[in-house]
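1. can't give you the sequence, but here's the structure:
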């Protein structure tokens, strides 16, 4: 949760909390939790230190303890001791100093801490650039520090040269060892900085140090790879030339060395660990070099689904650590979890120092493309000189939903992006890695055979015949998913579905057809599979765990060859750098996107060819008085890059209209029109025209406008739409005819669900198909058919997306605070709703009545008040700013009064 909201409430209106982070302040013999806020006022910055409750939500939860101005007297360095470096991904220990006094803290391992330190260092760097402009910090005097806090902080802000007792063995800032890889290019330019702000990569782990020591056996992780200097240099053309040439000539200074990767996947069906995982994780004769272990359905409780909290995470992580191969020592590098999907990454002790650039990301593909009950988690890292990405996914369930699984896979590939250490560079996709390892409950089933036929083939071990009915193999053969991936031969029986605690096939009423749901695939060169098997000894779940041992050729650097290659590149650059002006040829300069629709992605390719005498660097730049290089519905991918002499690059110009950009396009206030400026460093600018025709949609159109339109929106003249949008600012504006009680589009969707889906299992919890959503949207926007196309789940998701896209929610922003204040009083809640504008009130009451009808059929659809309140409250009552957890729960409490 973003705790900067609580800090912001303590500040004056002219001051702003840029970022907040929780930390531990180190005293002589203990540590205490604090909240740090980077606060800006004009061009000046300071670090505000707060005592706080366990989770700071409002100003009442924090108390200002001290303020450290960021001036020339300020410095911040990382001072993690060798003992703290024995765990890859350990918390970062930092020393802040100001006017001879010091403060030592530990920041949690993760990209948020790195971002905070980066912002602090940026503020400090701005001061250093203008040493003659001494900041006065007069604004700080406005803030009153709690009297009891002043005494406490004296114990923390100690004079320099007198370190804390728990840090006497480590008095000076550590220096980074040289790292013989491409990364030394980045680091070498920064070694002369006065202050080095260091951090590690992101982690979702929340264990205390004591818990982590129990889970991690050992590691010899070194200083050089523990962290990167955050203020990455802004590469000039020469730096990028060297980097690019090194990558092109990588074969000259690298060689391959084999390492073993143990990959595991286990859907644990919400169970706690009840047996040792040794038969699964220690099944290889020799200890693997790296473990990547994925879990699905770690916790099936509503609390885990809605609030992401689960005690199962440490339980299963401990079970894994105790089951790793006994003949080696391992370090926990990274853990990442999204609801019940968890991925754990361990590395053997002697390899820990060669792991770097660790990042983790998650993406939900559940209902509305957000909920984390389905989706993926991923970890990317550099091992020696190879970039590796490991993905653990849980795709859509049910035999007939293979198209939805295909869509989930494509969503994960397009939406799961890793930030790079150099934040000026575009994010990395999954496929932008040398090696991709994919594990998980992919949920592809066996089709066109009944349960008895499948069981008979299994009993005969006729897996070859079963393979011809395996949905995943069919979809791969049709190139629908996992293009370029490989999977080993499956010579084990299906891993789903068993009666829990046994090896018996499902005997429940549903009697599921056995299937190979749990799979392991890979993509990349120099990869050989040693084994691929299931583990029948484990009986905790209705799935069986699966493992694969891969031997992967990893690129290592030959230091002498690297040095020779680097020097040769520099010599050639020196010869080449003359007065030659870079130039490129553009494939076209005018792009027109036809029939742009809401949430329909369109892309055109712009090809650049370097026809100049030198390599060139390009970037799309902002136009005067504009904050970004393009309109928000347009992106260039990549927005910047490098082209070798005689080389070319393809840039995707992508148009995508979402709920933020649709309102002004729907009513005609904005058009699909933009000019992109392509700039060449040391060269000229090129201008690219982007136009298109947008088809207005009910998605992203206000309730007021929709109630005043009796015809489909695409049949309405543009002038009428613009006129109505201007009237909607003042709802008392005169209209020629009585408005509809509720939008006809909303009625169409609810009526369809009422007639067809009141008993539909998992309604509003299982996603629909994107292709069907497009058909539903087009029907609503262009005409009123007798019935809507698509499945019940697609119509349900279309309804949620409609509510989410409303520019002004059903409960207008101006009523939001009143809803929070009266959430526990049913009569007051009803009074607030009675005061809503008529169209909004009608929509609220109509939806509430429909949901009450659904609850009458809860035995069939498995819905309850809590589920519906959680899903709909955040759509009907959206916060004008960012909604925190406490507000979210209040909106749910408010809406529950109307469901019972």
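-> Sure, I can see it. Model, not experiment: these values are computed from the prediction. Numbers count the residues shown, from 1 in each chain.
2. Give me the contact list for stretch 868-880.
-> Contact with stretch 868-880 is made by 302, 306, 367, 764-765, 800, 803-804, 809-811, 813, 816, 819, 844, 847, 851, 854-855, 883, 887-888, 891-896, 899, as judged by Cβ atoms under 8 Å, 6 or more residues apart in numbering. No exception for glycine: its C-beta is placed from N, CA and C like everyone else's.
3. Mind checking which of these are in helices?
-> 302, 306, 800, 803-804, 816, 819, 844, 847, 851, 854-855, 887-888, 891-896 (DSSP state H).
4. helix/strand/coil for residue 725?
-> helix (DSSP: H, G, I helix; E, B strand; the rest coil).
5. thought it was touching residue 669?
-> Yes: the pair formed by residue 725 and residue 669 meets the contact definition of Cβ atoms under 8 Å, at 7.0 Å.
6. and the two? which has more neighbours close in?
-> In this view residue 725 and residue 669 are compared by other Cβ atoms under 10 Å, and residue 725 has more residues nearby, 20 against 12.
7. Just want to check the distance between the more buried one and residue 705.
-> 6 Å (Cβ to Cβ, to the nearest Å).
8. any common contacting residues for these two?
-> residue 667.
9. Poorly predicted segments of the stretch 401-550 of the chain, please.
-> Low-confidence segments of the stretch 401-550 of the chain (pLDDT under 70): 421-424.
10. how about the helices of it, start to end?
-> 402-415, 451-459, 463-467, 471-477 (DSSP state H, counting those that start in this stretch).
11. Specify the residue ranges that define each domain of this protein.
-> Domain assignment for the chain by the TED database gives 3-140, 256-556, 584-694, 808-899.
12. hmm, back to that, selection in ChimeraX covering whichever of the contacts of stretch 868-880 are buried, please.
-> To isolate the buried members of these in ChimeraX, using 16 or more other Cβ atoms under 10 Å:
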select :306,367,764,765,800,803,804,809,810,811,816,819,844,847,851,854,855,883,887,888,891,892,893,894,895,896,899
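13. What are the buried residues along stretch 39-59?
-> For stretch 39-59, using 16+ other Cβ under 10 Å, the buried residues are 39-41, 44-52, 56-57, 59.
14. meant to ask about stretch 554-572, not that
-> Neighbour-count burial for stretch 554-572 flags 554, 555, 556, 557, 562, 565, 566, 569 (criterion: 16+ other Cβ under 10 Å).
15. ok, and what's touching it?
-> 180-181, 241-242, 245-246, 249-250, 252-259, 383-386, 434.
16. Please state the offset of that stretch from the chain centre?
-> In terms of Cα atoms, centre = their mean, to the nearest Å, the centre of stretch 554-572 is found 35 Å from the chain centre.
17. any idea which element residue 722 lies in?
-> helix 718-728 (DSSP states H and E).
18. tell me which strands and helices that helix is in contact with?
-> Counting by 3 or more Cβ pairs under 8 Å, 6 or more residues apart in numbering; DSSP states H and E, the packing neighbours recorded for helix 718-728 are helix 703-707.
19. who touches the helix it packs on?
-> Everything outside helix 703-707 that qualifies as a contact, by Cβ under 8 Å, 6+ apart, is 666-667, 698, 713, 721, 724-725, 727-728, 731, 739-746, 806, 808, 810, 837, 839-840, 843.
20. same thing but at 7 Å, please
-> Applying Cβ atoms under 7 Å, 6 or more residues apart in numbering, the external contacts of helix 703-707 come out as 698, 724-725, 728, 731, 739-740, 742-743, 745, 806, 839-840, 843.
21. Quick one: mean pLDDT over the strand or helix carrying residue 827.
-> Residue 827 is part of helix 826-834, with elements assigned from DSSP H and E. Helix 826-834 shows a mean pLDDT of 95.
22. give me the low-pLDDT residue ranges for the stretch 651-800 of the chain?
-> 728-736, 784.
23. how about the helices in it?
-> Counting by DSSP H, counting those that start in this stretch, the helices of the stretch 651-800 of the chain are 662-666, 703-707, 718-728, 744-756, 770-782, 792-805.
24. Could I get the buried residue list for the helix holding residue 722?
-> 721, 724, 725, 727, 728.
25. Then stretch 349-363?
-> Buried residues in stretch 349-363 (16+ other Cβ under 10 Å): 349, 351-363.
26. Name the strands paired with the lengthiest strand in the chain and say parallel or antiparallel.
-> Identified as the longest strand of the chain according to DSSP state E is strand 254-267. Partners of strand 254-267 in the sheet, by DSSP bridges, are strand 290-296 (parallel), strand 546-557 (antiparallel).
27. Among the buried residues of stretch 39-59, which are located in strands?
-> Among the buried residues of stretch 39-59, DSSP E puts 39, 40, 41, 44, 45, 46, 47, 48, 49, 50, 51, 52 in strands.
28. can you tell me which residues contact the second one?
-> Each residue near residue 40 by Cβ under 7 Å, 6+ apart is listed here: 16, 18.
29. check contacts around residue 788.
-> Residue 788 neighbours (Cβ under 7 Å, 6+ apart): 748, 749, 752, 776, 779, 795.
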